[in-house]
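Trainee: here is the input, now give the coordinates:
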Amino acid sequence: MIVVRRPEEADTYLDAGAMRCPSCQGRVARWGYGRVRTVRSLGTATVTVRPQRVRCRDCGATHILLPTALQARRADTTEVIGNALAHKAKGMGFRRIAERMDRPESTVRRWLRRATDEHVQWMCHQGNQRLIQIASEVFSAIRYAGNLLLHTLCILSAAAVEDRRRFGFTDPPWDLIGIYTQGRLLSPPHRG
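Mentor: Numbers count the residues shown, from 1 in each chain. Prediction:
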C-alpha cells in the first residue's frame, strides 16, 4: 500500500516516473485498479472509491494507492476512526463512542483494541518526525498530560495545523494525519 494525498497527484508522479516501491525503491507503473469500495464517512455520508493499483518494475510487487482520507482495511474514513480515538483519549468508553458515532459497538471496540500502546508510540514518533521537519519550536507549547493517546493526537494535530499554516495545504487535518501515519491510525491485525 502506498498512501497518496490525491489520486490526481499520484498520476503526476506516475507519469514522471517519480513514485517508488516501498519494498525495494524501484519505479512503479500503473497496474489496473483495486475493487470498488464504499466507505462510511461522518454521519450517514459515504465515499465510493476505486483505488489504483501499481506494480514495481524491479521486484514485481503490487501496491494499492490509498487516498489519505481512507484507512487500510477499514470500512470507515480516517476522520471517523480519528474521532473515535479522540473520544477514547478523552476517557469515553466504546459503548458511548459507538452511540455518539452511530457505529456498531463491536466495530468501535475493535478499533480501540487496535490502538495498542506500541502502535500509539509509533504514531507519536511519526508525528514527532513531521513536526521536527516543519516546526520544531512548537514542541515547547505541547505538554504531556499523562495520556499517551491524547499526547499523540496533540502531536499529530499540531503537525497538521503547521502544515496547513506554513505550506497552505487545504487538506482536512485528518487527511494530513493519514499521511503521517501512512494510512494506519490503527495497528494492522496480526497474521498467523
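
Trainee: buried stuff in the one helix or strand in the chain whose mean pLDDT sits lowest?
Mentor: Within the chain, confidence by mean pLDDT, DSSP states H and E is lowest for helix 7-16 among all helices and strands, at a mean of 89. Neighbour counts over helix 7-16 (16 or more other CB atoms under 10 Å) mark 10, 14 as buried. C-betas here are computed from N, CA, C, even on glycine.

Trainee: what's the helix or strand for Leu66?
Mentor: Secondary structure from DSSP states H and E places Leu66 in strand 62-67.

Trainee: which parts of this structure belong to which domain?
Mentor: 2-67, 78-180 (automatic domain parsing).

Trainee: now, of these, which is deepest in the fold?
Mentor: The highest mean neighbour count among these, using mean count of other CB atoms under 10 Å, belongs to domain 78-180: a mean of 17.

Trainee: any idea how far that domain is from the chain center?
Mentor: In terms of CA atoms, centre = their mean, to the nearest Å, the gap separating the centre of domain 78-180 from the centre of its chain is 9 Å.

Trainee: could I get the average pLDDT for that domain?
Mentor: Model confidence over domain 78-180, given as mean pLDDT, is 96.

Trainee: mind checking the end-to-end distance for stretch 140-149?
Mentor: Length of stretch 140-149, first residue to last, CA to CA, to the nearest Å: 19 Å.

Trainee: outside of it, which residues touch it?
Mentor: Applying CB atoms under 8 Å, 6 or more residues apart in numbering, the external contacts of stretch 140-149 come out as 85, 88-89, 115, 117, 120-121, 124, 151, 154-155, 158.
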